[in-house]
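# pasting the sequence and the predicted model now:
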Amino acid sequence: MLSKRVIPCLDVRDGKLTKGVKFLGNVDIGDPVETARAYYEQGADEIVFYDITASAEGRGIMLKVVEKVASQIFIPFSVGGGISTVEDMRAVLMAGAEKISVNSAAVKNPDIISEGAAAFGAQCIVVGMDVLRVGVSEQIPSGYEIVIHGGRKRMGLDAIEWAKTVEALGAGELCVNSIDADGTKEGYELNLTRTISEAVTIPVIASGGAGSPAHMRDALTEGKASAALIASIVHYGEYTIRELKDYLHAEGVKMRMVW
């Protein structure tokens, strides 16, 4: 069995670490470079960096910030936000990232997934999915709909079908974020995470709602996720990465322990 991963997420706006609830009410809470370094030293398995307004503002990602973060950590580093072409992907990889996360751009142009996988390998391509729980309908049979532009635009696209599509196009990993749970600290959307994990063969990262170590355990076991994305519970100093991994290890979840 592969080790499960703990992945802190750095949402960045105007070069500053920020956090909101359900994609609203964001407040700046620190420096992303210093924070990434601290999480690396605590034993994070990977770091995810999202320039959260790049797509909505129609601009490229802040490569200088990416370069600064990459210079401070020596674990896999995934970067997303404002990436819409293979050239954008190349620039992010050259700035020091190991993985590229595409979300809104992939929905609008699915070919970017296969083009990126062909150019850099499937292991580099992470497709981010922002998912809203809606009523079951003929158009959305799972009851989960894909939204883009930071949760601002509903797409009429069923999340389970989209997950299968992006796997077929060459994505190496999915990051499934529940907008309903995002920032609430009330737990991951386990049904969504499990349903997508069972629908695809590539790794699934659970995202949105972590408020306790037990929530992470549930996502990695009941939710069948390969990794748990976290933000608020570490950003505000409630837990360290080490404390979270110690708990998960004690609960029988296989972890990469570095101490």
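Looks like it came in fine.

# okay, strands next: where are they in the stretch 101-250 of the chain?
Secondary structure of the stretch 101-250 of the chain by DSSP state E, counting those that start in this stretch: the strands cover 125-133, 144-148, 153-158, 173-178, 204-207, 227-230.

# save those strands as JSON lines, and put in distance to residue 65 too.
Where you see a C-beta, it was placed from the backbone N, CA and C, and this is true even at glycine. Shown next, in JSON lines, are the strands of the stretch 101-250 of the chain (distance: least, CB to CB, whole Å):
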{"stretch": "strand 125-133", "distance to residue 65": "18"}
{"stretch": "strand 144-148", "distance to residue 65": "23"}
{"stretch": "strand 153-158", "distance to residue 65": "25"}
{"stretch": "strand 173-178", "distance to residue 65": "20"}
{"stretch": "strand 204-207", "distance to residue 65": "21"}
{"stretch": "strand 227-230", "distance to residue 65": "19"}
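
# most packed of these?
For those, the largest average neighbour count (mean count of other CB atoms under 10 Å) is found in strand 204-207, namely a mean of 29.

# can you name every helix or strand that that strand contacts?
strand 5-13, strand 173-178, helix 190-199, strand 227-230 (3 or more CB pairs under 8 Å, 6 or more residues apart in numbering; DSSP states H and E).

# contacts for the second one, please.
It refers to strand 173-178. 48, 99, 101, 123, 125-131, 133, 159, 163, 166-167, 188-189, 192-193, 196, 200, 202-209, 225-226, 229 (CB atoms under 8 Å, 6 or more residues apart in numbering).

# shaky segments in the protein?
19-29, 55-56, 59-60, 150, 259 (pLDDT under 70).

# hmm, what's the outermost residue in it?
residue 138 (28.3 Å; CA atoms, centre = their mean).

# show me what contacts residue 111?
Contact analysis of residue 111 by CB under 8 Å, 6+ apart lists residue 169.

# same deal with residue 85?
Going by CB under 8 Å, 6+ apart, the list of residues near residue 85 reads residue 112.

# can you pull up the bridge partners for the most centrally placed residue in the chain?
The centroid of the chain falls nearest to residue 175 when counting by CA atoms, centre = their mean (4.5 Å). Listed by DSSP bridges, the beta-bridge partners for residue 175 are residue 128, residue 205.

# centre of the chain to stretch 71-80, how far?
13 Å (CA atoms, centre = their mean, to the nearest Å).

# hang on, the earlier thing: nearest to residue 217, out of the strands of the stretch 101-250 of the chain?
strand 227-230 (8.7 Å; CB to CB).

# which secondary structure elements does the closest one sit against?
Helices and strands touching strand 227-230, by 3+ CB pairs under 8 Å, 6+ apart, are strand 5-13, strand 204-207, helix 213-220.

# which one of the ones you listed is the most hemmed in?
Note that of the helices and strands packed on strand 227-230, strand 204-207 is the most buried (mean count of other CB under 10 Å), with a mean of 29.

# how much space between residue 107 and residue 186?
27 Å (CB to CB, to the nearest Å).

# cool, residue 48 as well?
21 Å.

# the two: which is more packed in?
residue 48 (27 against 14; other CB atoms under 10 Å).

# assumed residue 35 was part of a helix.
Yes - per DSSP: H, G, I helix; E, B strand; the rest coil, residue 35 lies within a helix segment.

# one step back: distance to residue 249 added to the helices and strands packed on strand 204-207, as TSV?
Formatted as TSV, the helices and strands packed on strand 204-207 follow (distance: least, CB to CB, whole Å):
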stretch	distance to residue 249
strand 5-13	11
strand 173-178	23
helix 190-199	21
strand 227-230	13
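
# what sits opposite the nearest residue to residue 141 once chain neighbours are set aside in the beta ladder?
Spatial nearest neighbour of residue 141, excluding adjacent residues (CB to CB, 6 or more residues apart in numbering): residue 158 at 6.0 Å. Taking DSSP bridges as the rule, residue 158 bridges to residue 145.
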